[in-house]
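Student: Quick one, structure for this:
(one chain, ligands or ions: 1)
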Amino acid sequence: MKVKDLIDGISGNYINKISELTGLSVDAILNVKIKTKKSFISRISKIAISPVGGESCVIDKNTIILTIDFDKRKIQDLALLCHELTHIEQMRRIGTAKFITSYLKEYISNTKHYSTLEECYKNISYEKDAYDRQKNFIKYCYNCYSGGIQWTN
Ligand SMILES: [Zn+2]
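Tutor: Numbering: from 1, shown residues only. Got it, this is the predicted structure:
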């Protein structure tokens, strides 16, 4: 499965916004591979990411793993996709090996400054960047489609 199958039929506005936020072209986004909740790799990944509150992750510069039932009608789920596509862009820009090394370095170094694993994870620069874009996507959707609901924080 690819992103184009996962989000088939949704408004092009959403895809354009994700493209703008992540820096990936629409075509690049649509061709990213998706491993769904039912896949073996997703079940393994869930063990690793659920302690820090994660619902999805990337395994290489072409593949996103979902551990949740993705619903393309939910803004939160599209925002999660935007988060993971940010990591795809980071990996493609920096290089997969370098990305993984520096991601883990930051994670380990954060254990000196934060008391919970979730805080260590959320303060990795790549995560801060991805969460920012995820929030900006939600902000955009609320401003456009729900009559200006206020997004706090
Ligand atoms: Zn992330």
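Student: OK, contacts around S102?
Tutor: By Cβ atoms under 8 Å, 6 or more residues apart in numbering, S102 lies in contact with I94. For glycine as for every other residue, the C-beta is placed from the backbone atoms N, C-alpha and C.
Student: quick check, the host helix or strand of it touching the ion?
Tutor: Per DSSP states H and E: S102 is located in helix 96-110. No. Among the residues of helix 96-110, none lie within reach of the ion under Cβ under 5 Å from the ion; the closest is 9.3 Å away.
Student: Quick one: list the elements packing against the helix or strand just after that helix.
Tutor: Using DSSP H and E, the helix or strand that follows helix 96-110 towards the C-terminus is helix 117-122. Secondary-structure packing of helix 117-122 (3 or more Cβ pairs under 8 Å, 6 or more residues apart in numbering; DSSP states H and E): helix 96-110, helix 125-145.
Student: I'd like those as TSV, with mean pLDDT appended.
Tutor: TSV is the format used below for those (pLDDT from 0 to 100):
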stretch	mean pLDDT
helix 96-110	95
helix 125-145	92
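Student: Give me whichever of the ones you listed is most buried.
Tutor: Mean neighbour count, computed with mean count of other Cβ atoms under 10 Å, is highest for helix 125-145 among the helices and strands packed on helix 117-122, reaching a mean of 17.
Student: Return the list of helices and strands in contact with that helix.
Tutor: Packing partners of helix 125-145 (3+ Cβ pairs under 8 Å, 6+ apart): helix 12-22, helix 75-94, helix 96-110, helix 117-122.
Student: angle of it against helix 96-110?
Tutor: For helix 125-145 against helix 96-110, the angle by axes from the mean of the first three to the mean of the last three Cα atoms, to 10 degrees is 100 degrees.
Student: Run the chain-centre distance for helix 125-145.
Tutor: How far helix 125-145 lies from its chain's middle: 10 Å, per Cα atoms, centre = their mean, to the nearest Å.
Student: Only C-alpha atoms, please: export it in PDB.
Tutor: Taking C-alpha atoms only, helix 125-145 is exported to PDB below (Å, rounded to 0.1, in the frame of the first residue of the first chain):
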ATOM      1  CA  SER A 125      15.000  18.100  17.300                       C
ATOM      2  CA  TYR A 126      13.600  15.900  14.500                       C
ATOM      3  CA  GLU A 127      10.500  15.200  16.700                       C
ATOM      4  CA  LYS A 128      10.100  18.900  17.600                       C
ATOM      5  CA  ASP A 129      10.200  19.700  13.900                       C
ATOM      6  CA  ALA A 130       7.700  17.000  13.100                       C
ATOM      7  CA  TYR A 131       5.300  17.900  15.900                       C
ATOM      8  CA  ASP A 132       5.400  21.600  14.800                       C
ATOM      9  CA  ARG A 133       4.300  20.600  11.300                       C
ATOM     10  CA  GLN A 134       1.700  18.300  12.700                       C
ATOM     11  CA  LYS A 135       0.200  21.100  14.800                       C
ATOM     12  CA  ASN A 136       0.400  23.500  11.900                       C
ATOM     13  CA  PHE A 137      -1.600  21.100   9.700                       C
ATOM     14  CA  ILE A 138      -4.300  20.900  12.400                       C
ATOM     15  CA  LYS A 139      -4.300  24.700  12.800                       C
ATOM     16  CA  TYR A 140      -4.700  25.000   9.000                       C
ATOM     17  CA  CYS A 141      -7.600  22.500   8.900                       C
ATOM     18  CA  TYR A 142      -9.500  24.200  11.800                       C
ATOM     19  CA  ASN A 143      -9.100  27.600  10.300                       C
ATOM     20  CA  CYS A 144     -10.300  26.500   6.900                       C
ATOM     21  CA  TYR A 145     -13.000  24.000   7.600                       C
END
